[in-house]
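**Student:** no sequence on this one, just coordinates:
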DNA sequence: TAGTGGTCTAGACCACTCA
DNA sequence: GAGTGGTCTAGACCACTAT
């Protein structure tokens, strides 16, 4: 008698993939399945919740559990610290602080940072390097009101990317992935050709409705973000 | 007395964000925390497993639970059917089958598809449109041995994208995101300018170690993939 | 070897929602 | 109203690993 939810889950997936349960069909109630597999209902519940979490089934109280009609798959993408990313490739990380000034932020940035009192924000531009070659360019606006400690941070020693992770970890945020055509200035900074395509991440970070920073990260041409389904 | 793991989880996150538990520090054993919060150990276990799943803490048997030293955030990216993606923008979906031929696959593709018997594979090129305008170009190699039903699929009516989701749902796969510089031919197909940057997804799909298909999806310039942290 | 998390059980009550 | 999933409890045993 198998009692592990992992094993049960695999068997349930088999029954779905084999077509025994077709798309959109209703499968037995978890109490019945628990009896069938000889496990406690809580165990079957964990197995089924796992499937629901992976998008394979849809569960509703009283409605029962159905095989997803349109299984939407999710890719879990890790957003690592850039130093770790470089070192994971077996290369040596370094970074170069290009700009660090407090200046007037353009209106859209002020809005995004929820700046009310001041129109100033901290502008930081950093080149991240792998084996001395440009790897990614980070351009960031930072809300100094939200993170006053920034003014005494040693940003020559530690990149602002790492500093933020250590200082305000566990923040919430949203992320946008795009492809950008490099203009002459960006291309030069990244050691690439003007017009090359750069994989780009935009990210805004907040902690309890308080926006901390918004940034754009341009990776050097050829960069690929890999993940599993 | 709060008894819900959701509430407990929020309180634990507060204690982390407030700095009461600093990065890398050990927090009490789940039995102790359960006593402190007046809940069963199973409940505290679910709360802590949730935090571990989000990368906020690291748990080890006997080693206890620690606040993550390098919290690696994960973005959960939905990989929808393109029809749904277009319709979610409030636009009308259509598609156009550009090519559909069985032909000799280049060696790297044969390797990726694990083709041994035959050197032939099905090549399918589809333009997905939103309100009649090109939205994305899908180029796909398909292992006919793995999915023989494809030969009788009505690919004029239904895009191969949708057909596969309905026929071999719940497959495993890997995904790569890149930025591509459009050549003249791609640009023309997408109604864009040569040299524009296209957000690109590469995806290989298999079911139980049996590779089914590998495809490249070029989105029109300006496309952005959004998600939450 | 002892302490920690991982997981299963059996039972209970609740929340939702379909008919 | 009744059937389903959601979740909590209390207890148990096990697996891993730091010491």
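**Tutor:** That came in fine, so what should we check first? Note that the coordinates shown come from a computational prediction; the quantities given were computed from them, not determined experimentally.
**Student:** Please make it C-alpha for all contacts and neighbour counts, starting now.
**Tutor:** Noted.
**Student:** wait, what's in contact with the residue most central in space within chain A?
**Tutor:** The structure's chain A has its C-alpha centroid closest to residue A:79; by C-alpha atoms, centre = their mean the separation is 4.7 Å. Contact partners of residue A:79, counting by C-alpha atoms under 8 Å, 6 or more residues apart in numbering or on different chains, are B:72, B:73, B:74, B:75.
**Student:** And the pLDDT for residue A:102?
**Tutor:** pLDDT for residue A:102: 94.
**Student:** pretty sure it contacts residue A:125?
**Tutor:** No. Counting by C-alpha atoms under 8 Å, residue A:102 does not reach residue A:125; the two are 11.9 Å apart.
**Student:** out of those two, which sits in the busier spot?
**Tutor:** Counting neighbours by other C-alpha atoms under 10 Å in any protein chain shown for residue A:102 and for residue A:125 shows that residue A:125 has the greater number, 20 against 16.
**Student:** hey, what's that one bridged with?
**Tutor:** Beta-bridge partners for residue A:125, by DSSP bridges, are residue A:99, residue A:139.
**Student:** can I assume residue A:199 sits in a helix?
**Tutor:** No. Counting by DSSP: H, G, I helix; E, B strand; the rest coil, one finds residue A:199 to be strand, located in no helix.
**Student:** List the residues that contact it.
**Tutor:** Taking C-alpha under 8 Å, 6+ apart as the test, what residue A:199 contacts is A:177-180, A:218-221, A:223-224, B:178-179, B:199.
**Student:** if I look at it, how far off is DNA strand C?
**Tutor:** 35 Å (C-alpha to the nearest atom of the strand, to the nearest Å).
**Student:** so what pLDDT did that residue get?
**Tutor:** Looking at residue A:199, the pLDDT reads 98.
**Student:** do residue A:152 as well
**Tutor:** Looking at residue A:152, the pLDDT reads 88.
**Student:** just residue A:168 next, same as before
**Tutor:** 89.
**Student:** circling back to that earlier point, could the contacts of residue A:79 go into CSV alongside distance to residue B:24?
**Tutor:** Conversion of the contacts of residue A:79 to CSV gives the following (distance: C-alpha to C-alpha, whole Å):
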residue, distance to residue B:24
B:72, 13
B:73, 16
B:74, 19
B:75, 23
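**Student:** Any of these buried? List them.
**Tutor:** B:72, B:73, B:74, B:75 (16 or more other C-alpha atoms under 10 Å in any protein chain shown).
**Student:** For chain A, which residues are neighbours of DNA strand D?
**Tutor:** A:28-31, A:41-42, A:45, A:49, A:59-65 (C-alpha under 7 Å from any atom of the strand).
**Student:** Restricted to strands, list those.
**Tutor:** Cross-referencing these against strands under DSSP state E gives A:59, A:60, A:64, A:65.
**Student:** How about chain A: which residue is closest to DNA strand C?
**Tutor:** Here chain A gets closest to DNA strand C at one residue, residue A:4, 2.9 Å apart by C-alpha to the nearest atom of the strand.
**Student:** ok, how many other residues are close to the closest residue to residue A:100 other than its chain neighbours?
**Tutor:** Nearest in space to residue A:100, with sequence neighbours left out and distances taken as C-alpha to C-alpha, 6 or more residues apart in numbering or on different chains, is residue A:124 at 4.6 Å. Using other C-alpha under 10 Å, residue A:124 has 19 other residues around it.
**Student:** Hmm, residue A:96 and residue A:124 touching each other?
**Tutor:** No. The pair residue A:124 / residue A:96 is not scored as a contact, 10.9 Å apart, by C-alpha under 8 Å.
**Student:** show me where chain A has helices.
**Tutor:** A:5-17, A:30-37, A:41-53, A:82-88, A:107-112, A:160-167, A:184-190 (DSSP state H).
**Student:** Which one, of those helices, ends up nearest to residue B:132?
**Tutor:** helix A:107-112 (32.0 Å; C-alpha to C-alpha).
**Student:** Of all the residues in that closest one, which ones are buried?
**Tutor:** Within helix A:107-112, the residues that count as buried by 16+ other C-alpha under 10 Å are A:109, A:110.
**Student:** wait, does that helix make contact with chain B?
**Tutor:** No. With C-alpha under 8 Å from any C-alpha of the partner chain as the criterion, chain B is not reached by helix A:107-112; the gap is at least 15.8 Å.
**Student:** Residues contacting that helix, please?
**Tutor:** Contacts of helix A:107-112 (C-alpha under 8 Å, 6+ apart): A:116, A:119, A:141, A:211, A:214.
**Student:** Can you select the buried ones from these in PyMOL?
**Tutor:** Buried members of the contacts of helix A:107-112 can be picked out in PyMOL with the line below, counting by 16+ other C-alpha under 10 Å:
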select buried, chain A and resi 141+211+214
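**Student:** For chain A, give me the ranges with low pLDDT.
**Tutor:** Applying pLDDT under 70 to chain A flags the ranges A:1-3.
**Student:** Up against DNA strand C, what does it have?
**Tutor:** So far as C-alpha under 7 Å from any atom of the strand goes, chain A lies against DNA strand C at A:3-6, A:38-43, A:46, A:60-63.
**Student:** just to revisit the earlier point, and which of the residues of chain A next to DNA strand D is nearest residue A:189?
**Tutor:** Using C-alpha to C-alpha, these come closest to residue A:189 at residue A:49, 47.8 Å.
**Student:** Can you give me the neighbour number for the closest one?
**Tutor:** 18.
**Student:** about what we covered before: redo the helices of chain A as CSV? Include distance to residue B:90.
**Tutor:** As requested, the helices of chain A are arranged in CSV below (distance: least, C-alpha to C-alpha, whole Å):
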stretch, distance to residue B:90
helix A:5-17, 32
helix A:30-37, 37
helix A:41-53, 27
helix A:82-88, 37
helix A:107-112, 26
helix A:160-167, 37
helix A:184-190, 35
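**Student:** thinking again about what came up before, can you turn the buried part of the contacts of residue A:199 into a PyMOL selection?
**Tutor:** The following PyMOL line selects those of the contacts of residue A:199 that are buried, judged by 16+ other C-alpha under 10 Å:
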select buried, (chain A and resi 177+178+179+180+218+219+220+221+223+224) or (chain B and resi 178+179+199)
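**Student:** want to try TSV for the contacts of residue A:199, with distance to residue A:159 as columns?
**Tutor:** Output for these, formatted as TSV (distance: C-alpha to C-alpha, whole Å):
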residue	distance to residue A:159
A:177	22
A:178	23
A:179	24
A:180	24
A:218	16
A:219	16
A:220	18
A:221	22
A:223	21
A:224	22
B:178	25
B:179	25
B:199	28
